[in-house]
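Engineer: Kindly return the folded structure for what I paste below:
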Amino acid sequence: MGTTPASTSSGHKPALVFVAHHKRSQETLLCRQLRSQGLRVAALRSGDDAYLLRQIHDCTPDVVLLAVESSRSTSSAVTLAQGLRSEPLRPGILFLVDGPCRAADLSLGDDHAHEGCSPGELALRIEVMLARQSPEVSRAPGRRPLPPGFQVLADHRRVLLHGQDVQLTATEFDILHVLMERAGQVVSKGEILDCVWHHDFNGESNIVEAYICNLRRKLTDSSRTLIVTVRGIGYRLACDEQS
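Structural biologist: I've put the predicted structure just below:
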């Protein structure tokens, strides 16, 4: 079993990302794109795996972005990830893949994205990775951990499920955010109406149920285990009881 990525970033400066790509032109492009998203970025200097690991140890980046060559049986990115996973303190590992890869290889990373994805998506995945690493997230007062694979980025009004962006309307997000703020607790329909529609609501009495139905569909919650109905009262967003 590998180690947990260490949180090394400071709240006073952007995260540091190291980029390693087998194509120099792509490496340069990735560095430029990530800098445009407000990140500090550096390219790993060429060398053998031991030299690359020393660079990472010396500079302590927050995340290492490694391009995986799917056409090769053993990519240097996978070999480097194997070395990092055995370290007691390590950065987050984000693989950039150009085609089908072995599940065993991808499991060495904390997340992966496909070559050619937008700079915004890469930056968002890095942000999610940093949020998972940060000890302050789980200790936020009044906030209980959400189920594994479920992320709400309130500042960006974004929701991710197992690393994939979930497209929600503004109202759907507002309802989900109300439930998230009180994860593990029952929130009545009246409270949802007050928080989302305030005092301007004059619509159908079942409007909350309709939006909850849409949320469950988009969050693939057909079993109703993520958003739980508490009959006669309201709804409860499940939380990770083991965290």
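
Engineer: can you give me the helices in this structure?
Structural biologist: In the chain, the segments counted as helices under DSSP state H are 24-36, 49-59, 76-85, 103-106, 119-133, 135-138, 170-181, 189-197, 207-218.

Engineer: Now mean pLDDT too, for the ones you listed, in CSV please.
Structural biologist: CSV is the format used below for the helices of the chain (pLDDT from 0 to 100):
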stretch, mean pLDDT
helix 24-36, 91
helix 49-59, 78
helix 76-85, 84
helix 103-106, 81
helix 119-133, 81
helix 135-138, 38
helix 170-181, 88
helix 189-197, 85
helix 207-218, 92
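
Engineer: any chance of the ones you listed in JSON lines, plus mean neighbour count?
Structural biologist: For glycine as for every other residue, the C-beta is placed from the backbone atoms N, C-alpha and C. Converted to JSON lines, those look like this (neighbours: other CB atoms under 10 Å):
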{"stretch": "helix 24-36", "mean neighbour count": "15"}
{"stretch": "helix 49-59", "mean neighbour count": "14"}
{"stretch": "helix 76-85", "mean neighbour count": "19"}
{"stretch": "helix 103-106", "mean neighbour count": "12"}
{"stretch": "helix 119-133", "mean neighbour count": "19"}
{"stretch": "helix 135-138", "mean neighbour count": "10"}
{"stretch": "helix 170-181", "mean neighbour count": "18"}
{"stretch": "helix 189-197", "mean neighbour count": "16"}
{"stretch": "helix 207-218", "mean neighbour count": "16"}
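
Engineer: Can you lay out those as CSV showing distance to Val17?
Structural biologist: Putting the helices of the chain into CSV (distance: least, CB to CB, whole Å) gives the following:
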stretch, distance to Val17
helix 24-36, 6
helix 49-59, 11
helix 76-85, 14
helix 103-106, 19
helix 119-133, 6
helix 135-138, 19
helix 170-181, 27
helix 189-197, 36
helix 207-218, 30
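
Engineer: Please name whichever of those helices is nearest to Gln164.
Structural biologist: Comparison of the helices of the chain against Gln164 by CB to CB identifies helix 119-133 as nearest, at 10.0 Å.

Engineer: what's in contact with that closest one?
Structural biologist: Contacts to helix 119-133, defined as CB atoms under 8 Å, 6 or more residues apart in numbering, come from residues 4-7, 9, 15, 17, 30, 33-34, 36-39, 62-63, 65, 92, 94, 96, 110-111, 113, 137, 151, 153, 156, 158, 160, 163, 165.
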